[in-house]
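Enquirer: what follows is a protein structure lacking sequence information:
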């Protein structure tokens, strides 16, 4: 079997891989109630994190068919909710957004996805959910407008406190700039993760759920519209068709997932065609850009 370029993960321990985004195989399931929330590629591996009962669950594969699994005690509140790869390390982002006063944000670090350094508590009231590596640093975005930067994944500096309306849902890096996107077509850019341009918005209801850097441009996929830009400043808006809730880019194509377990493929991030139905809801997708 060809090496996987894409992986999708989700409910009931779902893991499934594809070499081209068109044909999906090696579907794996775990226990009922297991839920993998995030997945990332790096060091020749796909790594996913999620939860089951009071524990974090962890899994990794090199070939897409054989997965090693583990767990890390979460005590029902210290769950990992986001995952990124950079500088040779997987960065796990976690916290308890349902707590009163502070979500107790933390990070964990790993080279291979099963043995983790942490949890390391980080400052701030609100958790970080999505992160990307670029320009020698991780840049992460989280609840209630939080944006932060770290060169090692452990020590974090926060951007000036943002408004809740400016909460970024996803972040990507390319052409020397970070781009964050969010609800109602929200777009913001930064070169260091700390100083951000004023927010630019689209039409009401056009929620941008994913942003990726594809070859030479940013592609932000949302409800009803896809926005593209080479620099994060000037954007083109295109009405999209059958857009997914989460998306990734690799091997010259976009893949996405929508309820319930519907995996789709696109050449441009605008027109999407369903390629597979996994039967379990997919919560995250990732591409290995080295393959």
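Expert: Great, that's in hand. Quick caveat: nothing in here was measured; it's all calculated off a predicted structure.

Enquirer: low-confidence stretches in the chain?
Expert: Across the chain, the ranges flagged by pLDDT under 70 are 1.

Enquirer: centroid residue for it?
Expert: Among the residues of the chain, the one closest to the centroid is residue 130, at 5.5 Å (CA atoms, centre = their mean).

Enquirer: from the contact counts, what lies against the host helix or strand of it?
Expert: If you go by DSSP states H and E, residue 130 is part of strand 128-134. The contact analysis (3 or more CB pairs under 8 Å, 6 or more residues apart in numbering; DSSP states H and E) places strand 128-134 against strand 79-86, strand 89-95, strand 137-142, strand 168-174. In short, each C-beta sits where N, CA and C put it, glycine included.

Enquirer: and residue 21, how many residues sit next to it?
Expert: For residue 21, the neighbour count with other CB atoms under 10 Å is 25.

Enquirer: same question for residue 63.
Expert: As a measure of burial, residue 63 has 15 neighbours, counting by other CB under 10 Å.

Enquirer: give me the number of residues near the residue lying closest to it once chain neighbours are set aside?
Expert: Closest residue to residue 63 apart from its sequence neighbours, by CB to CB, 6 or more residues apart in numbering: residue 3 at 6.9 Å. A count of neighbours around residue 3, defined by other CB under 10 Å, yields 13.

Enquirer: what distance do you get for residue 3 to residue 267?
Expert: The gap separating residue 3 from residue 267 is 22 Å, by CB to CB, to the nearest Å.

Enquirer: then residue 89?
Expert: Distance, residue 89 to residue 267, by CB to CB: 32 Å.

Enquirer: settle it for me: which of the two has more neighbours?
Expert: residue 89 (19 against 11).

Enquirer: what is the neighbour count of residue 85?
Expert: For residue 85, the count of nearby residues is 23 (other CB under 10 Å).

Enquirer: just to revisit the earlier point, can you redo the helices and strands packed on strand 128-134 as a markdown table with distance to residue 242?
Expert: Listed next are those as a markdown table, based on distance: least, CB to CB, whole Å:
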| stretch | distance to residue 242 |
| --- | --- |
| strand 79-86 | 26 |
| strand 89-95 | 30 |
| strand 137-142 | 26 |
| strand 168-174 | 19 |
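
Enquirer: out of those, flag the one nearest residue 157.
Expert: Smallest distance to residue 157 across these (CB to CB): 9.5 Å, for strand 137-142.

Enquirer: for the closest one, the distance to its chain's centre please.
Expert: Chain-centre distance of strand 137-142: 11 Å, with CA atoms, centre = their mean, to the nearest Å.

Enquirer: so that it lines up with my notes, have the first residue be 216 from now on.
Expert: Let's use 216 as the start, then, which means that last one is strand 352-357.

Enquirer: angle of that strand against strand 304-310?
Expert: Put simply, strand 352-357 runs at 20 degrees to strand 304-310, going by axes from the mean of the first three to the mean of the last three CA atoms, to 10 degrees.

Enquirer: quick one: strands adjacent to the helix or strand following strand 352-357?
Expert: Scanning forward in sequence from strand 352-357 by DSSP H and E, the next helix or strand is strand 362-365. Here strand 362-365 is paired, per DSSP bridges, with strand 352-357 (antiparallel), strand 372-373 (antiparallel).

Enquirer: okay, the ones you listed in JSON lines with mean neighbour count and distance to residue 273 next?
Expert: Shown next, in JSON lines, are the strands paired with strand 362-365 (neighbours: other CB atoms under 10 Å; distance: least, CB to CB, whole Å):
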{"stretch": "strand 352-357", "mean neighbour count": "27", "distance to residue 273": "19"}
{"stretch": "strand 372-373", "mean neighbour count": "16", "distance to residue 273": "28"}
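
Enquirer: make a markdown table out of these and add distance to residue 498.
Expert: Below are those laid out as a markdown table (distance: least, CB to CB, whole Å):
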| stretch | distance to residue 498 |
| --- | --- |
| strand 352-357 | 17 |
| strand 372-373 | 27 |
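
Enquirer: circling back: for residue 226, which of the helices and strands packed on strand 343-349 is the nearest?
Expert: With CB to CB as the criterion, residue 226 lies closest to strand 294-301 of the helices and strands packed on strand 343-349, at 14.8 Å.

Enquirer: quick check: closest non-adjacent residue to residue 250.
Expert: residue 265 (4.8 Å).

Enquirer: actually residue 304, not the one I typed
Expert: residue 324 (5.2 Å).

Enquirer: now for the strands paired with strand 362-365, which one comes closest to residue 222?
Expert: Of all the strands paired with strand 362-365, strand 352-357 comes closest under CB to CB, at 21.0 Å.
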